[in-house]
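Undergrad: here's a sequence, model it:
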Amino acid sequence: MGLSCPDSDVLSAHPGMPLFFLAREDGELTGALALFDPEPHEIEVTALVRPDRRRQGLFTALWKCARQAAAPFRPERALFCVDPACPSGEAVRRRFPLSLDHSESTLVYDRSTVLPAVESGLILRPAGEADFPALTEIAAAAFRDSPEEAAHILASFREDVHSAVFAACLEGAPVGQIVLRQQEDALYLCSLCIRPDRQGRGLGRDMLTLSLNEVLGRWGGLIRLDVDLENAAALGLYTGLGFREERRCDYYALPL
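TA: You can find the predicted model right below:
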């Protein structure tokens, strides 16, 4: 068996840290493990092993290799992504000392949905250079990130050729943001947020409606977003505008 690591992802909080690990036997791919680290203190772990090679220690070997590669960057914990419908994932969860951290759902947009009218006066436009200080402040407050973490995530999206950052504005001033990111066959709506003191006034619904109107005529593929299942307000907003659950992932934490 051979292990290798392709190039890192552009959204990494740890430049230079290997993020993708592959296992090959006799030239054939038998397993893969990916790390995702948009924030410096944690790494998300997703792995796939070919069905005929499961329960033979392949995941353990991939994780050992990934953990050694991540160790110099000092992440504080790993979050293992486990599909509740996957028996092998559940077996891994039971074997490691993991505790449930949170669950996320991937939603896909139903194009037959009739979108509501936007009456708040909100305007959605591509973010300009002058908008980013305000957007960083909004994201930090909305997601409870540090200013440094929020600035890093926003800068990563700005530098990513597959992403576009939009500012949601009232009377010319940003009050929210959304990122449109193309990933393989789908367009993902990411980093949606409204300034905390402007929440509860329908601006999130209007921002999402404007975003969908922006892309529906130009993008013929799937439109997806991810939501934390504990965020009942966001989940209600998305399902109310035509998003339906496609899959779910439970995240289990391992202190490092």
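
Undergrad: surely Ser163 is in contact with Val179?
TA: Yes: with contact defined as Cβ atoms under 8 Å, Ser163 reaches Val179; the gap is 5.6 Å. Every C-beta, even on glycine, is put in place using the N, C-alpha and C of the backbone.

Undergrad: who touches both of those two?
TA: Residues touching both Ser163 and Val179 comprise 157, 190, with contact defined as Cβ atoms under 8 Å, 6 or more residues apart in numbering.

Undergrad: more neighbours: those two, which one.
TA: Between Ser163 and Val179, counting by other Cβ atoms under 10 Å, Val179 is the more crowded of the two (23 against 19).

Undergrad: what sits against that one?
TA: 157, 163-166, 189-191.

Undergrad: for Ala142, same thing?
TA: Counting by Cβ under 8 Å, 6+ apart, Ala142 touches 193-196.

Undergrad: ok, which stretches of this protein are helices?
TA: With DSSP state H as the criterion, the chain has helices at 58-70, 87-95, 132-143, 147-159, 203-216, 232-240.

Undergrad: for Thr30, the count of nearby residues, please.
TA: For Thr30, the count of nearby residues is 20 (other Cβ under 10 Å).

Undergrad: and the one 3 residues further on, by the same measure?
TA: By the criterion of other Cβ under 10 Å, Leu33 has 23 neighbours.

Undergrad: just the ones of the contacts of Val179 in strands?
TA: The strands, defined by DSSP state E, take in 163-166, 189-191 from the contacts of Val179.

Undergrad: so which of those residues is the closest to Leu98?
TA: Leu98 has its nearest neighbour among these in Cys190, at 26.2 Å by Cβ to Cβ.

Undergrad: quick one, phi/psi of the nearest residue to Ala91 once chain neighbours are set aside?
TA: Once flanking residues are discounted, Ala91 sits nearest to Arg55: 7.3 Å by Cβ to Cβ, 6 or more residues apart in numbering. Arg55 has phi and psi values of phi 60, psi 30 when expressed as degrees, to the nearest 10.

Undergrad: Arg55 reaches Arg95, doesn't it?
TA: No: Arg55 lies out of contact with Arg95 (Cβ under 8 Å); the separation is 10.3 Å.

Undergrad: gap between Pro174 and Arg205?
TA: Applying Cβ to Cβ, to the nearest Å, the value for Pro174 to Arg205 is 17 Å.

Undergrad: who has more neighbours out of those two?
TA: Using other Cβ under 10 Å as the criterion, Pro174 and Arg205 rank with Pro174 on top: 22 against 19.

Undergrad: what's across from the more buried one in the sheet?
TA: Cys169 (DSSP bridges).
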